[in-house]
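In: build me a structure from this.
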Amino acid sequence: MCLAIPGKLEKIVAELDETFRTGSVSFEGIVKNVNLSLVPEAKIGDYVLVHVGTAISVIDQREAERTMNTLKMMGEGLDLTPQSL
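Out: Alright, predicted model coming up:
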């Protein structure tokens, strides 16, 4: 099963233009660089859902917390290796 994991966009680390950007996203303290091309509206402080290293949508903080709590309750071990994001 594939999941999108919520994380908080902490900073933009590379920006070719308004669309082609990479951001530093924190997943409860584990920080990964993520492709932001599918969410050009994302800004620092926003929560994004990340699947296979790409942010696929912007969500609010409440939804991010609910999603993470649901994953924890399901007993899903959050594997945040580069291949899993």
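
In: shouldn't residue 23 be in contact with residue 9?
Out: Yes: the criterion here is Cβ atoms under 8 Å, and residue 23 meets it with residue 9 at 4.9 Å. No exception for glycine: its C-beta is placed from N, CA and C like everyone else's.

In: what touches both of these two?
Out: Residues touching both residue 23 and residue 9 (Cβ atoms under 8 Å, 6 or more residues apart in numbering) are 34, 36, 42, 44, 48, 55.

In: closest to residue 75 out of those residues?
Out: residue 48 (23.9 Å; Cβ to Cβ).

In: specify the beta-bridge partners of that closest one.
Out: Applying DSSP bridges to residue 48 gives these bridge partners: residue 7, residue 58.

In: ok, now residue 15?
Out: Here residue 15, judged by DSSP bridges, has bridge partners residue 21.

In: what's the distance between it and residue 35?
Out: Going from residue 15 to residue 35 by Cβ to Cβ, to the nearest Å gives 12 Å.

In: of those two, who's got more company?
Out: More crowded of residue 15 and residue 35, by other Cβ atoms under 10 Å: residue 35, with 18 against 12.

In: surely the more buried one is in contact with residue 52?
Out: No: assessed by Cβ under 8 Å, residue 35 is found out of contact with residue 52, at 9.2 Å.
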